[in-house]
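Engineer: Fold the following.
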Amino acid sequence: MPALADADFKRHHQPRTQAPLVIGHRGASGYLPEHTLEGYAKAIELGADFIEPDLVLTKDGKMIARHEPMIGATTDVASHPEFADRKSKRLLDGVEVEDWFASDFTLAEIKTLRAVQPRANRPQEFNGLYQIPTLDEVIALAKSQSRLSGRTIGIYPEIKHSTYHADLRNASGRRQFGRHYFENRLLAKLHAEYGNSECAPVFIQSFEVGNLQYLSQKTDINLVQLIDADDVNADGSISLVPPYKQPYDFVKAGDTRTFANLLTADGLDFVASYADAIGPWKPYLVKTVADNVDRNGDGAITINDRRVDGSTGVLEMAHAKGLKVHTWTFRNDASGYGFADPQAEMTYYYDLGLDGLFTDFADTGVAARDASTNTGSNIEACGRHSRHNRQHR
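Structural biologist: So this is what the prediction gives:
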């Protein structure tokens, strides 16, 4: 293999605190079934700096990588007659859902299942081939790939539905796990593997707030407040529709603040008291307006034709408060509001000064970053800009 050119070598070995990140969303989920070791390895091969395992708990309290506690859409559980009676109805963030739930299966049982591609327009030939990984296995992969590639591969775990897991009860009515079991278990593993350091190649993310506030008192690892209310209105403003308009722990606590409130100046000050970054859905960073103009000339007016009016100001305001900004999700097969070309869309966001983005297609993310003028934020992932120093200024 020919040696990498100097520019290529520097780009692929840049410290993660300098270059804007490419984060493999659920692995390389545009190519392979999501949340599989094979999908994570593919994302790394395609250039991802971080891989993202969404985490849920099994019946015996093990952390596995699944996008939701429900596993019907992403595994072959429906084809297992021995598990037919495990399908049930549960309340998830106040909404009744009927499915198979990871919390009703032991890890040994989960390991008999295989992952499937939930999106019908994506490759289906890998269905039934790959196991469901544990967090331990994801970390081992990231570390082995770091050694093989000569660059640090980070992990970006999401704690899925903390309140749901804390409220789970067993057949006798007792709590199955209890409050903060999930958070404590995750921290124990991360601290053992990476140390309790804000310089660890790890970000912990959540849509809830209370769990991050708890973690902020227990760890120096970087924390990310995810933000996603529902949609955006025709004028580009945030659409606030129950039950999605608030973090669910806010709903349970009777706190009336919405996700939109967290993106105000006061809201970002609040987030900065316990987190190091925000992860808003991408339309909250770039204002787009539906003005009924067929901009791409294809004879139909779609979300891709929305007028792009530039930054909403959230990114700049977050940076001014010492918060990094990572946004999601960029897909080759589903461009976002105002963009018909996925790579051009990603480059546009990078050029605004974005610190990182989640994509199902890491190779496109790398190409978009290479085409961008963004050389990185001056907000360090560790050091003087950390939340710990902000709290004591």
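
Engineer: can you map out the helices along this structure?
Structural biologist: For the chain, the helices defined by DSSP state H cover 6-12, 37-45, 107-110, 135-149, 162-167, 181-194, 210-216, 248-253, 259-262, 265-272, 314-320, 342-351, 362-371, 387-391.

Engineer: Quick one: closest of those to Pro242.
Structural biologist: helix 248-253 (8.6 Å; Cβ to Cβ). In short, each C-beta sits where N, CA and C put it, glycine included.

Engineer: And that closest one, what's buried?
Structural biologist: Using 16 or more other Cβ atoms under 10 Å as the test for burial, helix 248-253 gives 248-252.

Engineer: now do stretch 134-146
Structural biologist: Buried-residue list, stretch 134-146, by 16+ other Cβ under 10 Å: 134-135, 137-139, 141-143, 145.

Engineer: Packed most tightly, which of the helices of the chain would that be?
Structural biologist: A comparison of these by mean neighbour count, using mean count of other Cβ atoms under 10 Å, puts helix 37-45 on top with a mean of 23.

Engineer: packing partners for it?
Structural biologist: strand 21-24, strand 50-51, helix 135-149 (3 or more Cβ pairs under 8 Å, 6 or more residues apart in numbering; DSSP states H and E).

Engineer: Go again with 6 Å.
Structural biologist: helix 135-149 (3 or more Cβ pairs under 6 Å, 6 or more residues apart in numbering; DSSP states H and E).

Engineer: Going by mean pLDDT, which of the helices of the chain comes out lowest?
Structural biologist: Mean pLDDT is lowest for helix 6-12 among the helices of the chain, at a mean of 36.

Engineer: ok so, going back, from the buried residues of helix 248-253, which is closest to Ala371?
Structural biologist: For the buried residues of helix 248-253, the nearest to Ala371 is Tyr248 (38.2 Å; Cβ to Cβ).

Engineer: Kindly provide the distance from the closest one to Glu45.
Structural biologist: In this view, Tyr248 and Glu45 are 36 Å apart by Cβ to Cβ, to the nearest Å.

Engineer: repeat for Ala192
Structural biologist: 27 Å.

Engineer: any weak-confidence spans in the stretch 1-150 of the chain?
Structural biologist: For the stretch 1-150 of the chain, applying pLDDT under 70 flags the ranges 1-18.

Engineer: and the residue lying closest to Gly279 once chain neighbours are set aside, what is it in contact with?
Structural biologist: The shortest distance from Gly279 to any non-neighbouring residue, by Cβ to Cβ, 6 or more residues apart in numbering, is to Leu226 (4.4 Å). Going by Cβ atoms under 6 Å, 6 or more residues apart in numbering, Leu226 touches 205, 207, 279.
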